[in-house]
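Asker: Build me a model:
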Amino acid sequence: MKTKKMSLRKKIIIAEAIFVIGALIYLFFSTTPSQIYPLHGMTIIDPDFVFEIENGGEILISIDENFTDPLIFDEGSEFTLPPGTYFWKVKGGFKESEVRNFTIQGHVVLNIKEENQTYVIKNEGNVDLNVTKKTGSFISEIILEPEQSEEIENNSSYEGGQK
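Answerer: Below is the predicted model:
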């Protein structure tokens, strides 16, 4: 009778140990950091997008797949990236997600607005613009960074393109 009780007790302890180990393994793998947005291989036009992650605290971004010189941001950080292809992963504690990539596409937007009886040109794209100003036979160039604007003259013509 004693040996039956000991055998039953050992079986219960083994079952409990298996359950606890299984629960720990599940918790370990269910809390792996993961990326939600941007999707792998996605092309993004607006550089002011928001990274969506799960079970992580840091976002690592690099221009190379080996992350030799990564940019590291905390979840919720705001930053703007120039056009190009990037690799990214999420880090949470000592675990990291898989590596994914996305591309920020450059786009050119040059607007002319009237403000206080003058005209202003503004670069509303996400790349530098090279604006050629022609006044009679005189030609000059203006470089406008994204969100930069400059007052223009009525007697000149302007032509813009990506730098």
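Asker: Could you list the buried residues of stretch 104-119?
Answerer: 104, 106, 110 (16 or more other C-beta atoms under 10 Å). Placement of C-beta: from N, CA and C, glycine included.
Asker: again but with stretch 141-153, I slipped
Answerer: Buried residues in stretch 141-153, defined by neighbour count with 16+ other C-beta under 10 Å: 142, 144, 146, 152.
Asker: Pipe the residues you listed into JSON lines and attach secondary structure and distance to Pro82 per row.
Answerer: Formatted as JSON lines, these follow (DSSP: H, G, I helix; E, B strand; the rest coil; distance: C-beta to C-beta, whole Å):
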{"residue": "Ile142", "secondary structure": "strand", "distance to Pro82": "20"}
{"residue": "Leu144", "secondary structure": "strand", "distance to Pro82": "15"}
{"residue": "Pro146", "secondary structure": "coil", "distance to Pro82": "9"}
{"residue": "Ile152", "secondary structure": "strand", "distance to Pro82": "26"}
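Asker: Which elements pack onto whatever helix or strand Phe87 lives in?
Answerer: Element membership of Phe87 [criterion: DSSP states H and E] is strand 84-92. Using 3 or more C-beta pairs under 8 Å, 6 or more residues apart in numbering; DSSP states H and E as the contact test, the elements touching strand 84-92 are strand 34-37, strand 58-62, strand 100-104.
Asker: and the ones you listed as TSV, adding distance to Phe79 and mean pLDDT?
Answerer: Shown next, in TSV, are the helices and strands packed on strand 84-92 (distance: least, C-beta to C-beta, whole Å; pLDDT from 0 to 100):
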stretch	distance to Phe79	mean pLDDT
strand 34-37	15	86
strand 58-62	9	94
strand 100-104	12	94
